[in-house]
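Asker: Sequence unavailable; structure follows:
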């Protein structure tokens, strides 16, 4: 297993470099530049030339990309922001990524807490009332996007009832990163609405996937054998059927986790959360190349690591899977 992990991490390096190269070339192909201020007073050509010289944009593309990789590898520096002159990309990601990660982990936790039990109940009561209710709620959750659910929750529980805060994030530092204090009541109150809005759709998808997979597994011969041996139904479901049925669920959790912990622009915009998704969208609109590259790199690294963790989890869920 250790050799497999090392090999996967080694081969992820050229994947990350190829991804960065593709993003770099796509950014250069987009019309406009980081110092073209649409809707604002244009800068003189001499000023633009000086700015490009300062940030190395006057050099050939291959040299720009090589210098960027060298800065990452040797210094761990993701470069300066072209628009936020007093901040580097490291500063932006350092401030915003923990908040996005905190929201994403809470949403994933809520999705698993709701989705897996709902899928199990639906599968074990196939074509009965609990199955119909769970399936209806799952379809409803998938059909209502966060773009709609977020403002509805915002309007009902924050504006009309006044039970929860209107916006912003209730913790300056994530409570689950580093050496952690417990979450405060202020943080919990601020986290409820965005977590529910983001996690509801994911829980519905997980519930549907768990139901379909468990229905297939409980019809296998080894499940009938376990029941014939006199094992209790709970032991048959939890010990034998559930672990194998979770493989498809774990598969989708890899990219789902990477997507939500690196920022969700809709939820962060609705609830005024200063996460990383906002900076990514602003970087694209402002042609802020280092911000786009930095956020893409963080997303790619998390995606590679989460998929590696998914593959390792396969071996735990199904002992027949071996990695060499």
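Answerer: Right, received. Where do you want to start? Here the structure is a predicted model, which is why all the values come from computation and not from measurement. Numbers count the residues shown, from 1 in each chain.
Asker: what stretches of the stretch 51-200 of the chain score poorly on pLDDT?
Answerer: The stretch 51-200 of the chain contains residues with pLDDT under 70 at 170-184.
Asker: Do a quick rundown of the helices in it.
Answerer: In the stretch 51-200 of the chain, the segments counted as helices under DSSP state H, counting those that start in this stretch are 61-70, 89-124, 129-143, 146-153, 185-217.
Asker: Let's have these in a markdown table, adding distance to residue 227 and mean neighbour count.
Answerer: No exception for glycine: its C-beta is placed from N, CA and C like everyone else's. Formatted as a markdown table, those follow (distance: least, C-beta to C-beta, whole Å; neighbours: other C-beta atoms under 10 Å):
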| stretch | distance to residue 227 | mean neighbour count |
| --- | --- | --- |
| helix 61-70 | 58 | 14 |
| helix 89-124 | 13 | 21 |
| helix 129-143 | 20 | 15 |
| helix 146-153 | 40 | 17 |
| helix 185-217 | 13 | 21 |
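Asker: Pipe those helices into CSV and attach distance to residue 285 per row.
Answerer: What follows is these, written out as CSV (distance: least, C-beta to C-beta, whole Å):
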stretch, distance to residue 285
helix 61-70, 21
helix 89-124, 15
helix 129-143, 30
helix 146-153, 19
helix 185-217, 23
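Asker: Quick one: mean pLDDT over the host helix or strand of residue 302.
Answerer: Residue 302 is part of helix 289-317, with elements assigned from DSSP states H and E. Average pLDDT, helix 289-317: 88.
Asker: Helix 89-124 and that one, what's the angle between them?
Answerer: Going by axes from the mean of the first three to the mean of the last three C-alpha atoms, to 10 degrees, helix 289-317 is angled at 30 degrees with respect to helix 89-124.
Asker: So which other helices or strands are in contact with helix 289-317?
Answerer: Applying 3 or more C-beta pairs under 8 Å, 6 or more residues apart in numbering; DSSP states H and E, one finds that helix 289-317 makes contact with helix 2-29, helix 89-124, helix 247-261, helix 276-286.
Asker: Just want the angle from the first one to helix 61-70.
Answerer: Using the same axes, to 10 degrees, the interaxial angle of helix 2-29 with respect to helix 61-70 works out to 140 degrees.
Asker: List the buried residues in helix 2-29.
Answerer: Buried residues in helix 2-29, defined by neighbour count with 16 or more other C-beta atoms under 10 Å: 8, 12, 16, 19, 20, 23, 24, 27.
Asker: How about the shortest one?
Answerer: For helix 276-286, burial by neighbour count (16+ other C-beta under 10 Å) applies to 276, 277, 278, 279, 280, 281, 282, 283, 286.
Asker: doesn't residue 292 make contact with the fifth one?
Answerer: It stands for residue 280. Yes - counting by C-beta atoms under 8 Å, residue 280 touches residue 292, with 7.0 Å between them.
Asker: Residue 133: which of the buried residues of helix 276-286 is nearest?
Answerer: Among these, residue 277 lies closest to residue 133 (C-beta to C-beta), at 33.6 Å.
Asker: Report the contact partners of the closest one.
Answerer: Applying C-beta atoms under 8 Å, 6 or more residues apart in numbering to residue 277 gives the contacts 100, 262, 263, 264, 265, 268.
Asker: again, only this time at 7 Å
Answerer: Taking C-beta atoms under 7 Å, 6 or more residues apart in numbering as the criterion, residue 277 is in contact with 100, 263, 264, 265, 268.
Asker: Right, I'll call it a day here.
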